[in-house]
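S.K.: sequence and predicted structure, then a few things I'm wondering about:
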There are 2 protein chains.
Amino acid sequence: MSAALSVSTLSEKHRPTLDQALEAIRSRAYWSPHPEHPKAYGETAPADGQAAFEALRGTRFDLGQPGTDDWTGSEVSPYGIELGVEYPHVDADVLLPAMKAGMAAWRDAGPEARALVCIEILSRIGARTHEFAHAVMHTSGQAFMMAFQAGGPHAQDRGLEAVAYAYAEQVRVPGQADWSKPQGKRDPLKLDKRFVAAPRGIALMIGCNTFPTWNGYPGLFASLATGNPVLVKPHPRAVLPLALTVQVARKVLAEAGFDPNLVALAVERPGEGIAKDLATRPEVKIIDYTGSTSFGDWLEANARQAQVYTEKAGVNTVVIDSTDDYKGMLSNLAFSLSLYSGQMCTTPQNLLIPRDGIATDAGHKSYDEVVTDLAGAVNGLLGDDARANALLGALVNPDVKARLEAAAGLGEVALASREVANPEFPDAVVRTPVMVKLDAAKPDDSAAYMSECFGPVSFAVAVDSTADALELLRRTVREQGAMTVGAYTTDDATERALEEVCLDESAQLSLNLTGGVYVNQTAAFSDFHGSGGNPAANAALCDGAFVANRFRMVEVRRQA
Amino acid sequence: MSAALSVSTLSEKHRPTLDQALEAIRSRAYWSPHPEHPKAYGETAPADGQAAFEALRGTRFDLGQPGTDDWTGSEVSPYGIELGVEYPHVDADVLLPAMKAGMAAWRDAGPEARALVCIEILSRIGARTHEFAHAVMHTSGQAFMMAFQAGGPHAQDRGLEAVAYAYAEQVRVPGQADWSKPQGKRDPLKLDKRFVAAPRGIALMIGCNTFPTWNGYPGLFASLATGNPVLVKPHPRAVLPLALTVQVARKVLAEAGFDPNLVALAVERPGEGIAKDLATRPEVKIIDYTGSTSFGDWLEANARQAQVYTEKAGVNTVVIDSTDDYKGMLSNLAFSLSLYSGQMCTTPQNLLIPRDGIATDAGHKSYDEVVTDLAGAVNGLLGDDARANALLGALVNPDVKARLEAAAGLGEVALASREVANPEFPDAVVRTPVMVKLDAAKPDDSAAYMSECFGPVSFAVAVDSTADALELLRRTVREQGAMTVGAYTTDDATERALEEVCLDESAQLSLNLTGGVYVNQTAAFSDFHGSGGNPAANAALCDGAFVANRFRMVEVRRQA
């Protein structure tokens, strides 16, 4: 390869990172090469990042892609500002063949070179984390600090995790093997065997509105690292962070001597719905999708020519049985319910509380006391507007606001939502969460708690007993799926019963979180995001299954 | 576990085998713990095995399964004898819940105990290889030696390979991890994390007629080793080898303290077609299938609640460009075309030969000479009836015979099929292969060579050039799929071009085989069977993707 960026340079720079990532996915101990703190990026980084973001506004984002037949873009920040960026609209009949042109060379480069190039892409993205943070903030509505962390280092972690899994999976089989089968007194049978990881074809990554990078990077990098070209189709409201990603990837690929068209961007006109057309193109062999259950199900049913990885909707439950840290429980839950206005696929929705109350270190607490105290904890956490803005972010779209407002009609409101003013962005729609009391014994209530109400809405569901809570948990996960399950209990038997339900129904369980880790957060290299075993998602981030079918091992054997 | 068979006993006995298997799938060097030679099984084994098989005839095969509502069985050996064995017909509404009852204990036993129990099952099957050989012979029509080897040690190898892959995949994540995230001057955030491989649910293994054990064991053992109960639905003409397998598995499970209903048998009445009903049951979460493209496609489209692994039909090609061992090539191909009367999914069908002939170490050979010499090599190989019987076996069903007879009408017959008498089994239908000349330049010929003609039928297709052969190869694999591709060439550029086509289309390539390894044979632990990347199969035996999605990793995390 005669290129500005040689494999040996990349190896020197990134092989240690790859090795550490490989070790981290084995040990699942804490590890990240991407600093979480904005100050770690240098003194001028905040201003530079903001300036870079501002400079993008009102421009045409030209990636130099083949098959660009128009320009489109209509992003308006949940904080009220128009981004005004125009992106390429593609003619798939021209772009897709161009994306395949560089596939053979990318395949022939092998797993290590591909991993190193992917890490270089992540490393350049990492250097621009402040710029990405603004882009994520003004597309998702996340508050700056969350946009910085979740959209920056945490997303980069998930991308690197996918690269590590992809690399490990491809090198499980050696590149070459000598096979010699004894034949008694005759000469052994001998074969030379060569094994090549062969990509499947074009991978389509369909991004989401709320976490364009965090949910997008695993699929993007898993596909690219296994040799597949990747077409990125962002959510029309959250294009910029992925457009920047594609731009960086194309530049690195070109510098490393590969075809930049191995990564491309496809942006749709308002209401155009290009995802269905792209997803069923015969060239598209892999699809990653995060979003609604209805479209995820549609993809699984219709994009039959492709391997389809979906993260859809679920109903997340917290079982509240007992606690030896009542205050810690309340503050932990209050944070979980408030963060990003509950607009995370991992935010708890149903809090199952025995109607006779629970045992705590602060004495017995009735159902009403638990609900009131939790409402108080949320109000305390969000009482200060500056802090509320920093935690809540903005509502990502009008549908969330409508659901929030409708929720008050579903039952007795235990925690009313209030409007929070945002002095910096007066047009931002910022709301504190609502909590509604429901009763598992009332059949009419089940329609509410047995479906996802995405946004800052939770239900305090009274149950007859913890045993009933476990049964409802089981039914909810089995029928509706769940990205997360939380539980508080001081009872060993209850703990075992909770684990049993979660193992039976393949749900990820967080027990007795009362400190600075929250049920809605997962850490790359250690925690799995989703399980792939219940209706909320058909894949987990990241495991062997997430990468193993993105390539096929092709063998060439010859007589030795 | 208080059981006759303890994990520590099993570990002492089988852990070294597991470790060797794990090393073999890494190095892909030759390895097998299962002796290929009938004499390796002891002096009395042949007579004992035959007696055991004879003793099964005309009996009721009672497995003691719940939900047995009838008895059925109508196997008639391709060698002409009626087996007369009756098997359980099942009431799925009773059997399936019973199969799930032991799931939690099997899951909780963990990956190593499950692997050891699986290896004990394989080891007991191994000890009865002579008995299994007769069962495979008299259901598949394979000649005894092939039934012995392919149905015995080679099938056991493939089963063990699946166990090794399943084990390796489950232990990639540790059972437990301490996670500690630094927080600057504050105390680190600490979590205890436990990771459990959780099974998906009931696995349905749908067996085939020709290789009930070889094609059945990978799915059966991959599912069982990953914690899933397995319901075995054999082909109605090839029940006995799998019924014996289920019997052994149930006995070992019970001795090891597990529920024997973790493995069960479902046999259908003639024409009942229970596979569709079972495959779409909500309890069934995994399906392994070997058989027709039409039913494989049906499963992929309709059994949407399950992970579906299929091996379907393909059209296997051999490109004949040139050779430096003409005699070796002819004898190698003659054997490949003859073995088990071409009734292997890996048997070559289309031999692409340039119409201007090929360069060989024996001088230039015209298309006609190559075809005539290959026909001569087949006739030479099968000239002696005893040898012909030992190689050909019997035609597995009347459809194969019908196709063989119809093939003669498709073009000029270059090699005529002849009837071979079998003195031991006078009713066996034994036929030598037919080879028909076709021409790629004649549009009418393509219908024949562009579809699978399963059985002892091959087409010598004249092509304009090796370049045309490569294009036809590419089109054939892309449109029809292929389990194998073979090629003969002395030209480096042609070799590279062949590899390129096979890498592009995910086909397994054997180059210049002229000795004792044949294109239709793959060795477990080293060769992949199929690629999972072309229409012939959606999975390969065995790789990470074959096992990784049969379980999900469930995490339980708690504050430390």
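M.R.: Looks like it came in fine. Quantities reported herein were computed from a predicted structural model and do not represent experimental measurements.

S.K.: OK, contacts around the closest residue to chain B within the stretch 151-300 of chain A?
M.R.: In the stretch 151-300 of chain A, the residue that lies nearest chain B is residue A:177 (3.9 Å; CB to the nearest CB). Where C-beta positions appear, they are placed from N, C-alpha and C, glycine not excepted. Contacts for residue A:177 (CB atoms under 8 Å, 6 or more residues apart in numbering or on different chains) come out as A:192, A:193, A:195, B:27, B:28, B:29, B:526.

S.K.: what secondary structure does it sit in?
M.R.: The local conformation at residue A:177, judged by DSSP: H, G, I helix; E, B strand; the rest coil, is strand.

S.K.: per-residue confidence at it?
M.R.: As predicted, residue A:177 sits at a pLDDT of 97.

S.K.: for residue A:2, same thing?
M.R.: We have a pLDDT of 57 for residue A:2.

S.K.: nearest spatial neighbour of the spatially most central residue of chain A, skipping sequence neighbours?
M.R.: Central residue of chain A (CA atoms, centre = their mean): residue A:215, 2.6 Å from the mean position. Once flanking residues are discounted, residue A:215 sits nearest to residue A:290: 4.1 Å by CB to CB, 6 or more residues apart in numbering or on different chains.

S.K.: just checking, the one you found touches residue A:206?
M.R.: Yes: using CB atoms under 8 Å, residue A:290 is in contact with residue A:206, at 7.4 Å.

S.K.: beta partners for the residue of the stretch 151-300 of chain A closest to chain B?
M.R.: residue A:193 (DSSP bridges).

S.K.: which residues touch residue A:457?
M.R.: Contact analysis of residue A:457 by CB under 8 Å, 6+ apart lists A:342, A:349, A:403, A:404, A:407, A:433, A:434, A:435, A:436.

S.K.: helix/strand/coil for residue A:288?
M.R.: Per three-state DSSP, residue A:288 ends up strand.

S.K.: do I have it right that it meets residue A:303?
M.R.: No: counting by CB under 8 Å, residue A:288 stays clear of residue A:303, with 11.2 Å between them.

S.K.: which of those two has more neighbours?
M.R.: Set residue A:288 next to residue A:303 and count neighbours by other CB atoms under 10 Å in any protein chain shown: residue A:288 wins out with 30 against 22.

S.K.: mind listing what the more buried one touches?
M.R.: Residues in contact with residue A:288 (CB under 8 Å, 6+ apart) are A:203, A:204, A:205, A:206, A:216, A:218, A:219, A:220, A:222, A:223, A:309.

S.K.: isn't residue A:34 up against residue A:125?
M.R.: No: in this structure, residue A:34 is not within contact of residue A:125 by CB under 8 Å, at 9.4 Å.

S.K.: neighbour count: the two, which is higher?
M.R.: Using other CB under 10 Å, the more surrounded residue of residue A:34 and residue A:125 is residue A:125, with 25 against 20.

S.K.: buried set for whatever helix or strand the more buried one lives in?
M.R.: Secondary structure from DSSP states H and E places residue A:125 in helix A:103-127. Residues of helix A:103-127 classed as buried: A:103-104, A:106-107, A:109-126 (neighbour count, 16 or more other CB atoms under 10 Å in any protein chain shown).

S.K.: ok, stretch A:368-388 next?
M.R.: With the criterion 16+ other CB under 10 Å, stretch A:368-388 contains buried residues A:369, A:370, A:371, A:373, A:374, A:375, A:377, A:378, A:381, A:382, A:388.

S.K.: look at the third one and tell me its secondary structure.
M.R.: On the three-state scheme (three-state DSSP), residue A:371 is labelled helix.

S.K.: roughly how far apart are it and chain B?
M.R.: As judged by CB to the nearest CB, to the nearest Å, residue A:371 and chain B stand 23 Å apart.

S.K.: got a list of what that residue touches?
M.R.: Counted by CB under 8 Å, 6+ apart, residue A:371 has contacts A:353, A:414, A:435, A:437, A:460.

S.K.: so where's the stretch 201-350 of chain A shaky on pLDDT?
M.R.: For the stretch 201-350 of chain A, no stretch is flagged by pLDDT under 70.

S.K.: residues in the stretch 1-150 of chain A within reach of chain B, list them.
M.R.: With CB under 8 Å from any CB of the partner chain as the criterion, the stretch 1-150 of chain A meets chain B at residues A:25, A:26, A:27, A:28, A:29, A:30, A:104, A:107.

S.K.: what do you get if the cut-off is 6 Å, keeping everything else the same?
M.R.: Within the stretch 1-150 of chain A, the positions adjacent to chain B are A:28, A:30 by CB under 6 Å from any CB of the partner chain.
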